[in-house]
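Engineer: below is the sequence, then the predicted model.
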Amino acid sequence: MIHPGERVALVGANGCGKSTLLRLLHGLATPTAGQVFCGGDMRQAMLFQKPHLLRLSVQSNVALGLWLRGASWREAKVAALAALTRVGLAELAGRNARQLSGGQQQRVAMARAWALRPQVLLLDEPTASLDPHAKREVEALIEEFASGSGAMTLIFASHNLGQVKRLASRVIYLEQGRVLADLPVEDFFSGPLLQQQYPAAHLFVKGELV
C-alpha cells in the first residue's frame, strides 16, 4: 500500500518491472493476476522518460490536457501559462514544443502534469536522457512538487541511486517482476537490515548486481 504524501522509488535492473508497474498503477496496462486498487476520484499524472509533445506551441501542449478535462480553451490557455511560469518556461510559450531541448521538453511535460493538479505523480526515469544541468533542473521541480503546498504522492522509477537518496522516502526493489525489498530510504542505503534480509538488493546497491 502506498500512502498519501509518500515518495516511493522503484529500483532494480533493466527489465525488472519498474515501468510495467508504473503503467499498471496509471491504468495503461491490465494486470494478468491480482488487482490494483486506488481511490475512484484520485487525480493522477504520469511523466515518461521521453515526453510526447504535439506539433503545437508549448502553451497549447499544456492547455490541451486541461481542455480535454472540460475547461474552455481560453481558461486552459491561462492555466497553461501559469503552469509554464511555475517551471520557468513562460517566455517559450509560443515556441514549437518539438524544437525545445530535451530538458526543456521534460519541463513542459512537468508543467502539463502540474496543471492538472494531480494528487499522485508517476515518473518513469524522468531524467535518464538529460544532461547534468537539465537533470538538476527537473529534479528540483520534482522536489518542489513533492514537498510544496498541496504536496503530491510521488512514485518514480530511477537507475540513479543518488537521485533516489535525494527524492525518496521509501524504496521498493524489484527483480523479475517481484518485490524483493520494501524499506525506508535510510534502511535501504545504510541499514544492516538490507544486507541481512535482502541480499540481492544489497548487491544491487553495491553495484555488484546488474
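Structural biologist: Sure, I can see it.
Engineer: tell me the first helix or strand C-terminal of the helix or strand containing L174.
Structural biologist: Taking DSSP states H and E as the criterion, L174 maps to strand 170-175. For strand 170-175, the succeeding helix or strand toward the C-terminus, using DSSP H and E, is strand 178-184.
Engineer: note down every partner strand of that next one and its orientation.
Structural biologist: According to DSSP bridges, strand 178-184 has the following sheet partners: strand 170-175 (antiparallel).
Engineer: check the model's average confidence along the partner strand for me.
Structural biologist: Averaged over strand 170-175, pLDDT sits at 96.
Engineer: most centrally placed residue in this structure?
Structural biologist: In the chain, the C-alpha nearest the mean C-alpha coordinate belongs to L123, at 1.8 Å (CA atoms, centre = their mean).
Engineer: with adjacent residues omitted, what lies nearest to that one?
Structural biologist: Spatially, and ignoring its direct neighbours in sequence, L123 is nearest to F156 (3.9 Å; CB to CB, 6 or more residues apart in numbering). All C-beta atoms are positioned from the backbone trio N, CA, C, and that covers glycine.
Engineer: contacting residues around M152?
Structural biologist: P118, Q119, V120, L121, F145, A146 (CB atoms under 8 Å, 6 or more residues apart in numbering).
Engineer: change it to 6 Å
Structural biologist: L121, F145, A146 (CB atoms under 6 Å, 6 or more residues apart in numbering).
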